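*Asks:* Next comes the sequence, and after it the predicted model I'd like to discuss.
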Amino acid sequence: MNNNEAKILTDRIFKLIRNSETIEDLILIEKEEFENKFRMDSDVYPKIEFDIKPSDLNELVKKGFLETDFNFKEKITEKLKDPLTKLLYSLAWKNGDLKKLKHIAKGISEFEKGIQDQEDAFVFYQFGKYLTKTEGQPIIDQHVIRAFSVYITTDMNNLTSVRKLATITKNQKGEIEKYIDWLKSDEISNSLKSIKDYSYHIDKILFATGKKIKTKKN
């Protein structure tokens, strides 16, 4: 896929999103426009039905599970009693992901703030914001931001570097903010914005779009 084809595809997908009125419309876009290999695997990433609020984190701090900076307490394993909690903690420990949970918790705590003061771990930080299930707070990753960046790009000479995007860094802060603003803008129908968690389904479409248009390594 060359740059022109990638731009045409991306613009067409965004037009379909802009014309959508229901979740069913969005699901149909993902189903009809993308092969399975580009879609988010629902077995790996099933939809999260719960939410986590800042008050929930405050309870964990009070109970001695978390520090005030949202790092785990040093002896937290002595406090874990529920088998599911212990199992999930063990998985995070084995994968070396315990420190990443701090960034998710920070995003939950700062769900009303912008991203400009955040210096790293943008994907985890924004995921925390999404977990609060606040309207218009999306999940982001390299594929979503790649698709959105191609959509808003007017300089075709810049498409090659945009399509190569592999890691979200502070260089993408502007695009992240623009994407969040776009989800709340008039480009999204009012009927769609009135539906809880509408951004989740848009994220899935853009995940597939960004994955499909990514420049392949030689």
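*Replies:* It's in.

*Asks:* Spatially central residue in the chain, please.
*Replies:* What sits nearest the mean C-alpha location of the chain, by Cα atoms, centre = their mean, is residue 139, with 1.7 Å.

*Asks:* hang on, it packs against residue 127?
*Replies:* Yes: Residue 139 is within contact range of residue 127, at 5.9 Å (criterion: Cβ atoms under 8 Å). Any C-beta I mention is one placed from the backbone N, CA and C, and that applies to glycine too.

*Asks:* Tell me which stretches of this structure form helices.
*Replies:* Using DSSP state H, the helices of the chain run over 3-18, 23-33, 54-62, 83-94, 100-109, 122-131, 142-152, 159-163, 173-183, 190-193, 198-213.

*Asks:* which residues sit against the first one?
*Replies:* Pointing back at helix 3-18 there. When contacts are defined by Cβ atoms under 8 Å, 6 or more residues apart in numbering, helix 3-18 is touched by residues 1, 26, 29, 33, 147, 150-151, 153, 156, 159-160, 163, 187-189, 202, 205-206, 209, 212-213.

*Asks:* how far away is residue 180 from residue 65?
*Replies:* Distance, residue 180 to residue 65, using Cβ to Cβ, to the nearest Å: 30 Å.

*Asks:* Of these two, which one has the most company?
*Replies:* residue 180 (19 against 15; other Cβ atoms under 10 Å).

*Asks:* Show me where this protein dips below the pLDDT cut-off.
*Replies:* 217-218 (pLDDT under 70).

*Asks:* change it to 50
*Replies:* Residue ranges of the chain with pLDDT under 50: none are present.

*Asks:* what residue of it is the furthest out?
*Replies:* residue 78 (32.6 Å).

*Asks:* so how far is residue 93 from it?
*Replies:* Here residue 78 is placed at a distance of 14 Å from residue 93 (Cβ to Cβ).

*Asks:* Ok, residue 143 next?
*Replies:* Applying Cβ to Cβ, the value for residue 143 to residue 93 is 28 Å.

*Asks:* Please apply the same query to residue 193.
*Replies:* Applying Cβ to Cβ to residue 193 and residue 93 gives a distance of 39 Å.

*Asks:* again with residue 183
*Replies:* 34 Å.

*Asks:* Name the residue in those two with the higher neighbour count.
*Replies:* residue 183 (21 against 12).

*Asks:* Do I have it right that that one meets residue 201?
*Replies:* No: Residue 183 is beyond contact range of residue 201, at 11.2 Å (criterion: Cβ under 8 Å).

*Asks:* Flag every buried residue along stretch 108-127.
*Replies:* Neighbour counts over stretch 108-127 (16 or more other Cβ atoms under 10 Å) mark 108-111, 115, 118, 121-127 as buried.

*Asks:* tally of neighbours for the closest residue to residue 30 other than its chain neighbours?
*Replies:* Nearest residue to residue 30 in three dimensions, chain neighbours excluded: residue 205, at 5.1 Å (Cβ to Cβ, 6 or more residues apart in numbering). Neighbour count for residue 205, taken as other Cβ under 10 Å: 24.
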